[in-house]
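Attaching a predicted model along with its sequence, questions to come.
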Amino acid sequence: MLDTVAGRGANDLDMNLHMNQDDTARQHFLIALKKRVNLNMGGQIRSSFETDIRPELAKEAGHPLNDFDKDDRKMAKAAIERTHKYKAWAAMTYISQGMMWEIVDGVLDHDLDRLQTAFNEYKSRPTKLGSLTLKPDLKLPRNISETEIHRQPGGFCFETHADDITAGARYNGGGLMYSAGRGRKAVAGKSGGDFVLSILRERYPDFKPTRILELGCGTGRNTPSYKQLCPDAEVYAIDIAPGLLRFAHAYAEHEGQAVHFAQMDACELDFADESFDLVVSHILGHETTTRGLPKWINEALRVLKPGGIAFHVDVPTQPGYLKLADQVLNDWQVRYNGEPFWMGWADANVKQIMHDAGVPDDMMFAEHMRRDEGGVWYCHGLRKPKNWAKPQKKAA
């Protein structure tokens, strides 16, 4: 079967990494290694902490350790980091993450030209389904532009020429390998968009969005499903990183879904007030900052129509859901894995942010939800009251 561009096979124009036998063998080794590190070694640390370390710390502190207490977290951190199990886990986690990017770049050594050519062809088509709007002069936030998130080489904003998709191709390949190494199962034909819309159908059967916005869309792996499952809706998606957006645009075009991508800061959206029925995000919160988190949550509220819904999906790192040992393992991510806001996100009170914005308690949610394949996500959002009136700021 050939694509509509004469002379090119459809397989040449897809936006997935084309891996040879050596690439696949390395990927299988990496996933097995990451599972051993994340599940087996991590499990041993958790077990040892609960059976041996926690009781001793409780005696020393004179009280049972509380999973919500930051001082208790500091005690647990100091004790766990002294153990050989933790030191081995930390070293292997660091090594396996570097190995992941080496494998991805090994694939790009022979597949990047094909992916770049595919993007160039989608970009030049006179009858594109969607659109791509970039802003070369946009001021990029330092937490993204100057940080190698996940230790991705060059970071999300890496580019060497005007149409470079390297950052998107890297992130796409690394993200899929990382998820598999965490033991998350991929369901064929399903994405985070399917998950969000399935929850909305259950909770709000009357809700039929006609304008949808995804914030921080990255490489757009979730975005086309919103158009596919809501074919009558206009779908928009924004991100700060141009290379990720180029990849996302090509991916949506290959999937046959009309999505309008734009380079934009989620903290300062270029959309009118009350212009979308549904605003979504996938793993955006933990990539922002303490100051940025309330800004983009408030921006999502601003552009939401009365009666509209905001639904944000993110990592489940919250104290209480995770016990002290896992909180210590997550703290490692901040220092050594390019996740500066990992613990800031875990400790963030998103309900308080929405409350401060004037959202009634009975119109918001923040809870852990399980996907069909067994993964758990922390989901937060709201339904904007139909009689919404933005609260006036109190005088100083």
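Nice, I can see it.

And for residue 220, the neighbour number?
Residue 220 has 28 neighbours, counted by other Cβ atoms under 10 Å. C-betas here are computed from N, CA, C, even on glycine.

Hmm, I typed the wrong one, I wanted residue 270.
Number of residues near residue 270 (other Cβ under 10 Å) recorded here: 12.

next one: phi and psi at residue 153?
Torsion angles at residue 153 (phi, psi; degrees, to the nearest 10) stand at phi -50, psi 120.

thought it was touching residue 101?
Yes. Proximity of residue 153 to residue 101 meets the contact threshold set by Cβ atoms under 8 Å, at 5.6 Å.

Kindly export stretch 136-145 (C-alpha atoms) in CSV.
The C-alpha trace of stretch 136-145 is given here as CSV (Å, rounded to 0.1, in the frame of the first residue of the first chain):
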residue,chain,number,x,y,z
PRO,A,136,10.9,31.5,16.5
ASP,A,137,11.0,34.6,18.7
LEU,A,138,9.0,33.1,21.5
LYS,A,139,10.8,33.4,24.9
LEU,A,140,11.3,29.9,26.1
PRO,A,141,11.0,29.2,29.9
ARG,A,142,14.4,28.2,31.3
ASN,A,143,13.1,25.1,33.1
ILE,A,144,12.5,23.6,29.7
SER,A,145,15.0,25.3,27.4
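
if we look at it, which residues are touching it?
155-157, 240-242, 263-265, 267, 287-289, 292, 340-341 (Cβ atoms under 8 Å, 6 or more residues apart in numbering).

Among those residues, which lie within helices?
If you go by DSSP state H, those have 242, 292 in helices.

And residue 184, what's its pLDDT?
On pLDDT, residue 184 comes in at 54.

cool, residue 390 as well?
70.

and it, how many residues sit next to it?
Residue 390: 11 surrounding residues under other Cβ under 10 Å.

Same check on residue 123?
When neighbours are defined as other Cβ under 10 Å, residue 123 has 15 of them.

mind listing what it touches?
Shown in contact with residue 123 (Cβ under 8 Å, 6+ apart): 132, 163, 246, 249-250.

go on, residue 88?
Neighbour list for residue 88: residue 41 [criterion: Cβ under 8 Å, 6+ apart].

Residue 197 now?
The contact partners of residue 197, taken as Cβ under 8 Å, 6+ apart, are 225-226, 229-230.

what residues are shared contacts of residue 153 and residue 101?
Between them, residue 153 and residue 101 share these contacting residues under Cβ under 8 Å, 6+ apart: residue 170.

So between the two, which is more surrounded?
The neighbour count for residue 153 versus residue 101, taken as other Cβ under 10 Å, is higher for residue 101 (19 against 15).

The more buried one: which element?
Using DSSP states H and E, residue 101 sits in helix 84-124.

and that helix, average pLDDT?
The average pLDDT within helix 84-124 is 96.

Skip ahead from it and say which helix or strand is next.
Using DSSP H and E, the helix or strand that directly follows helix 84-124 along the chain is strand 131-133.

Which strands or helices does that following strand pack on?
Counting contacts by 3 or more Cβ pairs under 8 Å, 6 or more residues apart in numbering; DSSP states H and E, strand 131-133 is packed against helix 242-254, strand 259-263.

got the buried residues for it?
residue 132 (16 or more other Cβ atoms under 10 Å).

Neighbouring strands - and their directions - for it?
Paired strands of strand 131-133, with direction, are strand 259-263 (parallel) (DSSP bridges).

Tell me the gap between the helix or strand that the strand it pairs with is followed by and the middle of its chain.
Sequence-wise, the next helix or strand beyond strand 259-263 is strand 276-282, with elements assigned using DSSP H and E. Counting by Cα atoms, centre = their mean, to the nearest Å, strand 276-282 is centred 14 Å from the centre of its parent chain.

any idea of the mean pLDDT for strand 276-282?
Strand 276-282 comes out with an average pLDDT of 97.

again, but for stretch 377-384
Mean per-residue pLDDT for stretch 377-384: 96.

got the contact list for that stretch?
By Cβ under 8 Å, 6+ apart, stretch 377-384 touches 195, 199, 204, 301, 304-318, 321, 350-351, 354, 359, 363-369, 371.

sorry, back to before: out of the helices and strands packed on strand 131-133, which is the most enclosed?
Each of those was scored by mean neighbour count; the highest is helix 242-254, a mean of 27, by mean count of other Cβ atoms under 10 Å.

And it, what does it pack against?
Using 3+ Cβ pairs under 8 Å, 6+ apart: helix 242-254 touches helix 84-124, strand 131-133, helix 166-181, helix 223-229, strand 234-239, strand 259-263.

rerun at 7 Å
helix 84-124, strand 131-133, helix 166-181, helix 223-229, strand 259-263 (3 or more Cβ pairs under 7 Å, 6 or more residues apart in numbering; DSSP states H and E).

pretty sure residue 166 contacts residue 156?
No. Counting by Cβ atoms under 7 Å, residue 166 stays clear of residue 156, with 10.8 Å between them.

Let me see the domain layout of this structure.
Following the assignment in automatic domain parsing, the chain carries domains at 10-125+163-181, 192-383.

looking at those, which is closest to residue 148?
The minimum distance between residue 148 and those falls on domain 192-383, with 4.9 Å, by Cβ to Cβ.
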